[in-house]
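Participant: Just to be clear, the model below is a prediction. Sequence and coordinates:
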Amino acid sequence: MKELAKSGGAAVDLASAFDASPNPYVLLTPDLRIAGVNEAYLDVTNSTRDAIIGRPLFSAFDSGPGEEAPENIRQVQASIERARDTRQRDHLPLVKFPMARRLDDGRKVFEDRYWSATHTPMLSEDGEVAFILQHTTDITELQRLRDRRVRPERASALDIMLGGAVLGRAEQVQEDNRRLEGERNRLIDMFMQAPGFVAVLTGPDHVFQMHNAAYAQLIGHRDIAGKPIREALPEVVGQGYYEFLDSVYATGEPHEGRASLVQLQRSPGAPLETVYLNFIYQPIRDASGAVVGIFVQGHDVTDAVRSAERQKLMIDELNHRVKNTLATVQSIAMQTARSHADPRTFADGFQARLLALSHTHDLLTRSHWEGADLGAILQHETEAHGNHRVSVNGPRVGLAPAAALSLGMIFHELATNAAKYGALSGPDGRILVDWSVADQTRPRLELVWREIGGPAVTPPDRKGFGSRLIERNVRHDLAGEVELDYAADGFVATFSIPLNREQGT
């Protein structure tokens with residue numbers, strides 16, 4: 001559509017003015033296709049509209065077959081893309097870009113041409129780049145004048161002034177630009193590859209201008225470019241981070257956080273995840289010293305924080321277990337001393353009970369003190385009497401460390417009593433142990449220890465250490481119930497123990 005502008009009361013057709021301009025112009029789409037050209041551009045490039053409209057710029061003009069062609073194209077393309085990506089006009093003072101020309105005999109040849117170009121982004125109403133306008137000036141003659149400087153006998157003072165000084169300054173500016181661009185690209189590469197997360201926020205609304213791969217990983221690879229932080233990370237509301245940024249922007253004072261907790265949504269619809277960060281918000285100032293943005297840099301220290309928490313928990317747990325173990329050993333020593341006046345028998349009984357405690361500790365150590373299997377504990381405490389004489393039957397039941405230690409001691413006492421007085425004291429006796437788990441909502445371990453084939457059983461006159469230990473451990477430590485039946489045809493112990501310790505209490 002042609003746009004009209006009024007100047008001095010006369011309507012001027014801008015499209016016609018564009019076409020009539022003696023300066024070459026080409027209009028490019030953001031993907032660098034030719035959308036429009038004027039007559040001057042067609043004349044200077046020896047081309048026609050039908051041949052180039054709609055084609056990629058560097059397909060229509062390929063800079064010829066020479067070794068310099070890729071570098072020529074790179075310079076022009078880099079300038080156009082800078083204008084497009086930064087939304088700012090970009091100048092290319094000097095570039096060599098040969099043009100194709102047809103000879104009278106039909107052959108295609110390339111003539112060396114030198115250009116100065118300006119690339120201007122044209123924005124749509126919503127602020128997006130709709131086109132890039134390229135204005136080119138053919139400065140080939142100036143370059144030729146400069147070349148004459150090499151042969152002074154052919155150069156005039158004016159030639160040297162125009163061809164030498166002007167182009168020399170243009171080349172110097174362009175070389176400085178290339179050097180600065182190289183340094184800028186290296187800094188951006190370092191920025192993007194930094195192991196910690198980095199972001200640049202601009203303006204009072206903290207709009208994301210740039211962020212690196214580590215920052216993208218931290219927030220779940222969301223599309224945040226060009227968005228204010230309150231829109232880009234809405235789940236952070238109420239966690240204090242928006243306010244920290246506002247304060248840095250208003251006061252110009254940096255803000256640092258150590259092991260700061262933040263909850264982030266790593267993927268759409270997912271629950272919030274707790275993350276711990278070390279970070280700093282550093283103000284970015286313009287030439288006048290005013291704050292124009294904030295540089296964000298930091299590291300995800302979640303693993304380190306959780307590792308420290310686990311270490312503290314393990315130390316606290318270790319202290320607790322050592323105290324409990326010492327208390328258990330003290331109790332075993334006192335109870336064994338009451339039942340054994342003879343130091344030799346005391347030592348034997350005390351050592352056997354410590355070994356039983358040690359066996360269960362071994363099982364728990366293998367599982368990093370996360371628990372032990374009921375069947376494994378039974379096997380440890382009865383294997384000395386022969387596997388063929390002790391039959392166990394029941395499902396796999398995982399026991400918490402405290403329950404495992406208590407049941408280990410109980411099974412040791414039962415096996416010791418069976419060897420001294422019960423089924424294992426004779427050659428034909430056996431022990432049957434059966435268990436099941438009742439009430440899956442509030443699970444309870446139901447276990448029966450039954451002795452058969454041994455001598456006749458008579459109830460004891462008084463409670464010994466073994467029976468006291470069993471009853472105390474079941475009722476006090478396990479919050480369960482136990483019934484000891486000294487039936488004539490064989491001793492039976494029946495246990496009912498909650499697998500969740502809190503249910504029993």
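Facilitator: Everything's here; your move. Residues are numbered from 1 along each chain as shown.
Participant: tell me the domain ranges of this protein?
Facilitator: 4-138, 197-300, 347-504 (automatic domain parsing).
Participant: Could you report the neighbour count for Tyr421?
Facilitator: 18 (other Cβ atoms under 10 Å). Using the backbone N, CA and C atoms, a C-beta is placed for each residue, glycine as well.
Participant: What distance do you get for it to Arg468?
Facilitator: 16 Å (Cβ to Cβ, to the nearest Å).
Participant: Turn the domains of the chain into a markdown table, columns for distance to Ala308 and mean pLDDT.
Facilitator: Formatted as a markdown table, the domains of the chain follow (distance: least, Cβ to Cβ, whole Å; pLDDT from 0 to 100):
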| stretch | distance to Ala308 | mean pLDDT |
| --- | --- | --- |
| domain 4-138 | 43 | 83 |
| domain 197-300 | 9 | 92 |
| domain 347-504 | 18 | 83 |
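Participant: so which of those domains gets nearest Ile315?
Facilitator: Among the domains of the chain, the nearest to Ile315 by Cβ to Cβ is domain 347-504 (12.9 Å).
Participant: Can you tell me the SS state at Gln134?
Facilitator: With DSSP: H, G, I helix; E, B strand; the rest coil as the basis, Gln134 sits in strand.
Participant: Please identify which helix or strand holds the residue nearest to it when sequence neighbours are not counted.
Facilitator: Excluding its sequence neighbours, the residue lying closest to Gln134 (Cβ to Cβ, 6 or more residues apart in numbering) is Val26, at 4.8 Å. Using DSSP states H and E, Val26 sits within strand 25-28.
Participant: for the helix or strand that that strand is followed by, packing partners?
Facilitator: Later in the chain than strand 25-28, the nearest helix or strand by DSSP H and E is strand 34-37. Under the contact definition 3 or more Cβ pairs under 8 Å, 6 or more residues apart in numbering; DSSP states H and E, strand 34-37 sits against strand 25-28, helix 49-52.
Participant: which one of these is the most hemmed in?
Facilitator: strand 25-28 (a mean of 20; mean count of other Cβ atoms under 10 Å).
Participant: which outside residues touch it?
Facilitator: 18, 34-38, 40-41, 57, 80, 122, 131-136 (Cβ atoms under 8 Å, 6 or more residues apart in numbering).
Participant: What subset of these is buried?
Facilitator: Those of these that meet the buried threshold are 18, 34, 36-38, 40-41, 57, 80, 131-136, by 16 or more other Cβ atoms under 10 Å.
Participant: so which of these comes closest to Pro204?
Facilitator: Ile132 (30.2 Å).
Participant: Write down the beta-bridge partners of the residue lying closest to that closest one once chain neighbours are set aside, one by one.
Facilitator: Closest residue in space to Ile132, ignoring its immediate chain neighbours: Leu28 at 4.5 Å, by Cβ to Cβ, 6+ apart. Beta-bridge pairing of Leu28 under DSSP bridges involves Ile34, Ile132.
Participant: Which strand runs longest in the protein?
Facilitator: The single longest strand within the chain, with elements called by DSSP state E, is strand 273-285.
Participant: Quick check: what element follows that strand along the chain?
Facilitator: Using DSSP H and E, the next helix or strand after strand 273-285 towards the C-terminus is strand 291-300.
Participant: Can you spell out which residues form a bridge with Leu92?
Facilitator: Ala117.
Participant: let me redo that: Val198
Facilitator: Counting by DSSP bridges, Val198 is bridged to Gln297.
Participant: Any idea how many residues pack against it?
Facilitator: Neighbours of Val198 using other Cβ under 10 Å come to 20.
Participant: follow-up on the earlier one: got the helices and strands packed on strand 34-37 as JSON lines, with distance to Asp373 columns?
Facilitator: Shown next, in JSON lines, are the helices and strands packed on strand 34-37 (distance: least, Cβ to Cβ, whole Å):
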{"stretch": "strand 25-28", "distance to Asp373": "73"}
{"stretch": "helix 49-52", "distance to Asp373": "80"}
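Participant: phi, psi of Ile470?
Facilitator: With angles defined as degrees, to the nearest 10, Ile470 sits at phi -60, psi -50.
Participant: Wait, it touches His412, no?
Facilitator: No - at 10.2 Å, Ile470 does not count as touching His412 under the criterion of Cβ atoms under 8 Å.
Participant: For the helix or strand where Asp85 lies, which helices and strands make contact with it?
Facilitator: Counting by DSSP H and E, the element that carries Asp85 is helix 69-86. Helices and strands touching helix 69-86, by 3+ Cβ pairs under 8 Å, 6+ apart, are helix 57-60, strand 90-96, strand 114-123, strand 129-138.
Participant: export those to JSON lines and tack on distance to Val457?
Facilitator: Output for those, formatted as JSON lines (distance: least, Cβ to Cβ, whole Å):
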{"stretch": "helix 57-60", "distance to Val457": "102"}
{"stretch": "strand 90-96", "distance to Val457": "102"}
{"stretch": "strand 114-123", "distance to Val457": "99"}
{"stretch": "strand 129-138", "distance to Val457": "97"}
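Participant: Thanks a lot, catch you later.
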